[in-house]
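# could you look at this predicted model? Sequence included:
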Amino acid sequence: SVGIDPDGGYWVEPAMSTRIVEKIFETSPMRSLATIETISTDELKLPYDADEYSVSTASELGTRSETNTGQIGEYTIPVHEMYAKPKASQKIVEDAAFDIQGYVTRKVTDKMLRTENTWHITGNGVGQARGIMAYNSGTSWLTVQQVASGSATDFTYNGLIDLVAALKQPYHANARFILKRASIANIMKLVDGDGRYIFQPTSVLGFNGQPLLGYPISFADDVAPVA
């Protein structure tokens, strides 16, 4: 009898799958979008040029005076350390049916990557990276321009156009939207005056990788919702 161990149940062991069913965690693709710098110190210094040289009109025989020379600057990005110290017994490492070391390494790496992605969007810069959403709003150096792209609860079509038009032309070649899934759904629900969807979900926007107003979309779970 299988139901009674001493009567034969010990001989019928339940099957153990080699496939682990795992929870899916959403993240943001910041590492794939960012410029990567390899360093060996605890900070990165970057020179910057936010100035310009002046020019003047000239005539054939006129005096040509010295014009203003632009100035350069330097700013520093501090680097923050992240660690994990999980533990496992020697016996389970040696005898488990799974690759425990590989499994733990992969889980830790995934958590570090997701934490890093979150930092680079919302981090406050204290013991962690400073995220792009943590900077003051503005159009001067080291600020982030903010454009009203709708109301407090919804995007509007005109607001999205204003957002795209506010971006300086040299940036358009590499521009992209980073949005939460719910925000993309909000945009896909925009309708015209006759109640027709402005963006056709099956062919134009979002979930199938198509662009929005000509610009690619990246799903980013860490960015703020529409409100």
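Ah, there it is.
# quick check, Ala165 in a helix?
Yes. Assessed by DSSP: H, G, I helix; E, B strand; the rest coil, Ala165 belongs to a helix.
# centre of the chain versus the helix ranked longest in the chain, how much separation?
Selection of the longest helix in the chain by residue count, based on DSSP state H, yields helix 100-122. Counting by CA atoms, centre = their mean, to the nearest Å, helix 100-122 is centred 14 Å from the centre of its parent chain.
# would you map the helices across the chain?
30-33, 90-95, 100-122, 157-166, 181-188.
# which of those helices sits most buried?
helix 181-188 (a mean of 17; mean count of other CB atoms under 10 Å). Bear in mind the C-beta positions are built from the backbone N, C-alpha and C, glycine included.
# output the below-cut-off pLDDT ranges for this protein.
Counting by pLDDT under 70, the chain contains low-confidence residues at 201-209.
# distance of the residue positioned nearest the centre of it from Arg176?
Nearest residue to the geometric centre of the chain (CA atoms, centre = their mean): Met30, 3.2 Å. As for Met30, its distance to Arg176 is 12 Å (criterion: CB to CB, to the nearest Å).
# correct me if wrong: the residue nearest to the centre of the chain contacts Thr122.
No. Counting by CB atoms under 8 Å, Met30 does not reach Thr122; the two are 10.8 Å apart.
# thinking again about what came up before, JSON lines for the helices of the chain, including distance to Ala220?
As requested, the helices of the chain are exported to JSON lines (distance: least, CB to CB, whole Å):
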{"stretch": "helix 30-33", "distance to Ala220": "8"}
{"stretch": "helix 90-95", "distance to Ala220": "36"}
{"stretch": "helix 100-122", "distance to Ala220": "7"}
{"stretch": "helix 157-166", "distance to Ala220": "16"}
{"stretch": "helix 181-188", "distance to Ala220": "9"}
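# tell me which of those helices lies nearest to Asp222.
Closest of the helices of the chain to Asp222 is helix 100-122, at 4.2 Å (criterion: CB to CB).
# for the closest one, packing partners?
Judged by 3 or more CB pairs under 8 Å, 6 or more residues apart in numbering; DSSP states H and E, helix 100-122 is in contact with helix 30-33, helix 90-95.
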